[in-house]
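K.L.:
sequence unknown, structure follows:
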């Protein structure tokens with residue numbers, strides 16, 4: 001007979017969810033917190049203007065390239081072990097980045113942070129599904145809390161980066177990760193299931209090839225807006241990356257213990273849900289990016305004030321994901337809500353594209369961004385839930401790695417493509433040409449709306465309505481109501 005009461009066990013589960021949400025919060029915050037600190041980093045470490053962008057890109061390339069490996073390791077070694085190891089790696093990378101005395105060391109630290117996040121993200125989703133997957137209602141709630149942590153992390157990064165840079169110094173935008181890492185590593189063993197390690201080998205060749213391939217594709221995408229889509233470095237990196245990904249797929253077909261069992265994509269809804277997440281990231285991240293630029297470059301707000309201006313959007317997403325989306329999923333089903341969410345996101349982006357060079361936050365930004373926030377809140381939870389629940393339990397880590405990879409690659413591709421669209425419509429005028437800047441941002445928002453529409457069509461065409469939940473799950477819902 002267990003000495004752990006049901007109440008204690010339940011409190012541990014929700015504390016575990018808190019740690020998982022903290023992981024999502026931190027992974028996203030680490031992409032936004034450095035923005036305000038970049039000028040100080042450039043001055044102190046001697047980055048060139050071209051090289052400075054790699055303080056951001058080094059993290060993204062490592063994160064995107066290693067996610068599939070992180071998911072596979074989670075399945076083989078146990079999700080909790082990989083989760084805590086990822087936090088240790090993230091903390092080490094944060095210390096290296098904070099204490100860096102040269103650009104090279106700084107980039108090593110940022111890449112190490114990205115590698116740690118690539119271990120944390122799929123393991124966190126695997127743990128979430130392991131802990132809450134037996135009860136559909138609780139799983140939807142847990143996914144909602146997890147999803148809401150992302151916009152909270154993005155907005156908190158802008159605020160915290162400004163505060164730490166202004167009142168402390170830029171290294172603290174990295175050091176802030178360390179105390180949370182210590183807390184998570186200390187608490188995880190007592191509140192999270194260990195997860196059984198499974199027999200199997202790591203496909204080292206496949207892992208190396210796909211990591212290099214994805215990293216090369218991400219490298220080409222994030223660099224293209226700076227050097228041009230037809231630049232030699234862009235073309236070579238893109239061709240090499242796609243070639244390596246193609247080689248990886250060919251090897252996985254023949255491998256005895258593949259890193260990615262390609263048959264997993266035949267699971268109902270898995271491929272379609274991953275595509276929905278891809279298009280969601282490709283539409284959402286450009287919106288967030290260009291609204292920020294509009295607030296600062298056209299409306300004249302500072303970085304800190306821009307973060308404050310995005311608070312209504314963030315709050316709407318968090319409330320929508322935690323309080324509204326689970327009820328809508330239960331009533332209308334995940335497919336209908338995914339389609340409706342992407343359609344709503346497209347409508348909000350279209351409205352937002354009418355921004356004016358002499359506009360205001362209250363008229364040009366706030367109403368439309370609240371509509372986009374509602375769309376994001378509706379689409380994210382059901383599409384993520386479908387992607388995770390479509391895989392067998394022993395491949396939960398792989399499914400989490402796949403969905404994370406698709407969202408991140410979609411985000412990078414969408415942002416790079418819309419940056420090119422904005423540049424084409426902005427022209428070669430000076431940065432003080434507010435009309436030109438606004439035209440470019442508007443065009444990018446229209447492009448993001450088109451991406452969201454494509455995502456809605458894909459979801460409506462290929463997603464399938466899951467079978468009804470078993471009777472015991474329904475019973476659980478009545479008990480917990």
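P.N.:
Arrived safely, thanks for sending. It should be emphasised that the depicted structure is a prediction, and the values quoted were computed from it without experimental measurement. Numbering: from 1, shown residues only.
K.L.:
what's the one helix or strand residue 61 maps to packed up against?
P.N.:
Assigned by DSSP states H and E, residue 61 belongs to helix 54-77. On a contact count with 3 or more CB pairs under 8 Å, 6 or more residues apart in numbering; DSSP states H and E, helix 54-77 meets helix 6-32, helix 38-45, helix 79-99, helix 103-132, helix 204-227, helix 396-426. For the C-beta atoms, the positions are set from N, CA and C on the backbone; glycine is no exception.
K.L.:
among the ones you listed, show me which one is buried the most.
P.N.:
helix 103-132 (a mean of 25; mean count of other CB atoms under 10 Å).
K.L.:
which element follows that helix toward the C-terminus?
P.N.:
helix 136-167.
K.L.:
for this protein, which residues score under the pLDDT cut-off?
P.N.:
For the chain, the stretches with pLDDT under 70 are 1-10, 49-50, 195-200, 303, 427-432, 466-481.
K.L.:
how does it divide into domains?
P.N.:
8-197, 203-258, 265-481 (automatic domain parsing).
K.L.:
what about the residue nearest to residue 119 when sequence neighbours are not counted, distance to residue 26?
P.N.:
Excluding the flanking residues, the one nearest residue 119 by CB to CB, 6 or more residues apart in numbering is residue 86, at 3.1 Å. With distances taken as CB to CB, to the nearest Å, residue 86 is found 10 Å from residue 26.
K.L.:
go on, residue 187?
P.N.:
With CB to CB as the criterion, residue 187 and residue 26 are 14 Å apart.
K.L.:
pull out the buried positions in stretch 282-301.
P.N.:
Using 16 or more other CB atoms under 10 Å as the test for burial, stretch 282-301 gives 282-292, 294-295, 297-299, 301.
K.L.:
I meant stretch 253-267, not that one.
P.N.:
With burial defined by 16+ other CB under 10 Å, the residues of stretch 253-267 counted as buried are 255, 258-261, 264, 267.
K.L.:
show me what that stretch is in contact with.
P.N.:
Contacts to stretch 253-267, defined as CB atoms under 8 Å, 6 or more residues apart in numbering, come from residues 68-69, 72, 200-203, 206-207, 210, 248-249, 251-252, 270-271, 390-392, 395, 398-399, 402.
K.L.:
from the chain's centroid, how far away is the helix or strand hosting residue 181?
P.N.:
Counting by DSSP H and E, the element that carries residue 181 is helix 177-191. Relative to the centre of its chain, helix 177-191 is centred 21 Å away, using CA atoms, centre = their mean, to the nearest Å.
K.L.:
packing partners for that helix?
P.N.:
helix 6-32, helix 79-99.
K.L.:
at 10 Å what do you get?
P.N.:
If you count contacts as 3 or more CB pairs under 10 Å, 6 or more residues apart in numbering; DSSP states H and E, helix 177-191 packs onto helix 6-32, helix 79-99, helix 103-132.
K.L.:
residue 77 versus residue 405, what's the distance?
P.N.:
19 Å.
K.L.:
hmm, I typed the wrong one, I wanted residue 406.
P.N.:
23 Å.
K.L.:
start and end of stretch 247-261, how far apart?
P.N.:
Start to finish, the residues bounding stretch 247-261 are 15 Å apart (CA to CA, to the nearest Å).
K.L.:
centre of the chain to that stretch, how far?
P.N.:
26 Å.
K.L.:
ok, stretch 34-46 next?
P.N.:
24 Å.
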